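*Asks:* Build me a model:
(2 chains)
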2 protein chains.
Amino acid sequence: MPRPELVSLPSVERPALDRMRQMIDEYLDANLPPVTQYPSILHEAIRYSALARAKRIRPALALTVYEALGGRDMAYALGPACALELVHTYSLIHDDLPCMDNDDLRRGQPTLHRKFGEGVAVLAGDALHDLAFQWVAVSGNCQLALELAQAIGSYGMIGGQMADMEAEGKRVDADEVSFIHKLKTAALIRCSARFGGILAGADERTLAALSVYGEKVGLAFQIVDDILDLEGDADKLGKQVGSDVKNAKATYPGAVGIASARAEASRLVDEAVTALDDMAYPTARLIELAKYITGRDE
Amino acid sequence: MPRPELVSLPSVERPALDRMRQMIDEYLDANLPPVTQYPSILHEAIRYSALARAKRIRPALALTVYEALGGRDMAYALGPACALELVHTYSLIHDDLPCMDNDDLRRGQPTLHRKFGEGVAVLAGDALHDLAFQWVAVSGNCQLALELAQAIGSYGMIGGQMADMEAEGKRVDADEVSFIHKLKTAALIRCSARFGGILAGADERTLAALSVYGEKVGLAFQIVDDILDLEGDADKLGKQVGSDVKNAKATYPGAVGIASARAEASRLVDEAVTALDDMAYPTARLIELAKYITGRDE
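*Replies:* Purely as a prediction, here's the structure:
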């Protein structure tokens, strides 16, 4: 069976995403606490994790939405957008801990607890979690802080981590996996799309369309992530493959097989794209980004 | 040497504090996620930690300041005030983990990781950390979110935890211990006093006085905490004593001896009270609260 179209990287999107990724990397480097300031080890650990090679999908999504909706004040939008990357990084650090997934490799380098010890890893994750709210609060827009907190709390991302942990070793069907993915991964990606909209002052109808778009992209992204864990290239991914099988994780391909999982990801991307029809803005870059995010091989 | 006066519990303050503590406990119980909602285990863990018998010093301080400054809208102030207790609870959960202080007893019951496992403890701490920002953001006052994030990040509470961990087993002098205490404990207590002021719409001069008051009370509180770890009653404290010696922690009595530590705590309370002279509000209850917080035996 041929791989569906969505895995090919669209030629127009890559330069735009590269430009955005560079802006994000520069913002992170310039605004994360410097190692020259106390406590140095903690700041070193924060930078080790947050500045490692990464796709920056969540802030790129927020900024792409922001620009698509006419937003031009990058000095205003970059902080809250990059806060999404801090949250993602913190969640990876805690998720990699020995008491959770016990992973050794992340973003092409040893996981934080392998490099700096578990205590530092717990605290660096906490500090990044906290810094995210600082970068959001600086914008003066409390709605952003509220939406972020809801998206990543016990009814969102953390609830998904818990569900993921509880499902280990159990037989779960596709609906149950989708439920876990919705919380664990899609909640923050949905929030990222909404961040772009809120930052641009979007109306409720646009935000609703962005919510559907973000959630579908998030669900497709996690299915692709599960597939890559089965058949991806560890060097390109920068993390171990086979980790889900090792930890007896509930995955979409585990529930329905790789071919059906791939078809479901493709269907979700189509639905994400269709949701954008409700928006009175140019959506070409959002369509390309959805395809890029879910067609990645790294 | 007789114990200094500050350890006696003032008779007027106790009923006011009891009333406040009851309001706080009721608010927490009513607003924490119910165990009937998914993921139940996580919500059970959150409630196990946050609803355990506790002094509620941080929210009580915020609310006492709020009332002293004329604030009367408890429906508005209780959420942000109780968020301070969520932060404190999250920090205890992570601090008690095996990779940190490895404590078995907290608030009169087994620590969360002993009861629910390490993975759940990490996630419950994360969820409480997050929920705190949710309760703050609901107020619509972004300054609160910003101040909280700054007080508990790598330059505040988490930086203090890191410093505390780094100082283990090392010989440290009184100034170094004070520096650790300022971050680890006083930053959040200072923030609690300022929360009350910000919620009541206080001017900069009043906020500055509250900052000094909160920081001095916080420093005195931690010295008393260190003393109680040496000579307190585990049953009353609800946690193991001797934990600091076991973990070779940097403590104030360890640096200067118990008698000098007690004198320093007394001096700090005096300074906290003096700082209140700059405020054009009735300060009797703040003075009593400072003495209560630092004279506690539980």
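*Asks:* When you work out contacts or count neighbours from here on, use the C-alpha atoms and nothing else.
*Replies:* OK.
*Asks:* Show me which residues of the stretch 1-150 of chain A sit near chain B.
*Replies:* Proximity of the stretch 1-150 of chain A to chain B is confined to A:38-39, A:42-43, A:94, A:99-100, A:118-120, A:122-123, A:126-127, A:130-131, A:133-134, A:137-138, A:140-143, A:145-146, A:149-150 under the rule CA under 8 Å from any CA of the partner chain.
*Asks:* Report the buried members of those residues.
*Replies:* The neighbour-count criterion (16 or more other CA atoms under 10 Å in any protein chain shown) marks A:38-39, A:42-43, A:94, A:100, A:118-120, A:122-123, A:126-127, A:130-131, A:133-134, A:137-138, A:140-143, A:145-146, A:149-150 among these as buried.
*Asks:* Those in helices, which ones?
*Replies:* Secondary structure defined by DSSP state H assigns A:42-43, A:94, A:118-120, A:122-123, A:126-127, A:130-131, A:133-134, A:137, A:142-143, A:145-146, A:149-150 of those to helices.
*Asks:* Strands of chain A, residue ranges please.
*Replies:* Taking DSSP state E to define them, one finds strands in chain A at A:105-106, A:109-110.
*Asks:* Show me what the first one pairs with in its sheet, parallel or antiparallel.
*Replies:* This means strand A:105-106. Using DSSP bridges, the strands paired with strand A:105-106 in its sheet are strand A:109-110 (antiparallel).
*Asks:* Please report the average pLDDT across the strand it pairs with, rounded to a whole number.
*Replies:* Strand A:109-110 comes out with an average pLDDT of 96.
*Asks:* same question, stretch A:280-293
*Replies:* Taken as a whole, stretch A:280-293 carries a mean pLDDT of 93.
*Asks:* Would you indicate which residues of it are buried?
*Replies:* Neighbour counts using 16+ other CA under 10 Å place A:283, A:285, A:286, A:287, A:288, A:289, A:290, A:291, A:292, A:293 of stretch A:280-293 among the buried residues.
*Asks:* again with stretch A:150-161
*Replies:* A:150, A:151, A:152, A:153, A:154, A:155, A:156, A:157, A:158, A:159, A:160, A:161.
*Asks:* okay if I get the strands of chain A as CSV plus mean neighbour count and distance to residue A:28?
*Replies:* As requested, these are arranged in CSV below (neighbours: other CA atoms under 10 Å in any protein chain shown; distance: least, CA to CA, whole Å):
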stretch, mean neighbour count, distance to residue A:28
strand A:105-106, 20, 18
strand A:109-110, 16, 19
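*Asks:* Minimum distance to residue B:62: which of those strands has it?
*Replies:* Nearest of the strands of chain A to residue B:62, taken as CA to CA: strand A:105-106 at 41.3 Å.
*Asks:* Tell me which of the strands of chain A approaches residue A:254 most closely.
*Replies:* Closest to residue A:254 of the strands of chain A is strand A:105-106 (CA to CA; 22.5 Å).
*Asks:* so how far is the closest one from its chain's centroid?
*Replies:* 16 Å (CA atoms, centre = their mean, to the nearest Å).
*Asks:* for the record, mean pLDDT for that strand?
*Replies:* 93.
*Asks:* Could you do stretch A:226-240 as well?
*Replies:* The model assigns stretch A:226-240 a mean pLDDT of 86.
*Asks:* can you tell me the distance between the two ends of it?
*Replies:* The straight-line separation of the ends of stretch A:226-240 (CA to CA, to the nearest Å) is 12 Å.
*Asks:* Please pull out the lowest mean pLDDT helix or strand from chain A.
*Replies:* The weakest-scoring helix or strand in chain A, judged by mean pLDDT, DSSP states H and E, is helix A:234-237 (a mean of 82).
*Asks:* Can you point out the buried residues in stretch A:202-219?
*Replies:* A:202, A:206-219.
*Asks:* Please read the previous query as pertaining to stretch A:253-270.
*Replies:* Those would be A:253, A:254, A:255, A:258, A:261, A:262, A:264, A:265, A:266, A:268, A:269, A:270, for stretch A:253-270 by 16+ other CA under 10 Å.
*Asks:* any chance you could read off phi and psi for the residue of the stretch 151-298 of chain A found nearest chain B?
*Replies:* Nearest to chain B in the stretch 151-298 of chain A, going by CA to the nearest CA, is residue A:153, at a distance of 5.2 Å. The phi/psi pair for residue A:153 (degrees, to the nearest 10) reads phi -90, psi -160.
*Asks:* Run a quick neighbour tally on residue A:72.
*Replies:* Counted with other CA atoms under 10 Å in any protein chain shown, the neighbours of residue A:72 add up to 13.
*Asks:* returning to that earlier point: specify the stretch among the strands of chain A that is closest to residue A:232.
*Replies:* With CA to CA as the criterion, residue A:232 lies closest to strand A:105-106 of the strands of chain A, at 14.4 Å.
*Asks:* how near is the residue nearest the centre of chain A to residue A:187?
*Replies:* Taking CA atoms, centre = their mean, the centroid of chain A lies closest to residue A:58, which sits 4.9 Å from it. Distance from residue A:58 to residue A:187, counting by CA to CA: 11 Å.
*Asks:* and if you look at residue A:125?
*Replies:* From residue A:125 to residue A:187 the distance is 19 Å (CA to CA).
*Asks:* can you check residue A:227 too?
*Replies:* 20 Å.
*Asks:* Below-threshold pLDDT in chain A: ranges please.
*Replies:* A:1-13, A:296-298 (pLDDT under 70).
*Asks:* residue contacts, residue A:17?
*Replies:* Neighbouring residues of residue A:17 by CA atoms under 8 Å, 6 or more residues apart in numbering or on different chains: residue A:60.
*Asks:* Roughly how far does it sit from residue A:61?
*Replies:* Going from residue A:17 to residue A:61 by CA to CA gives 9 Å.
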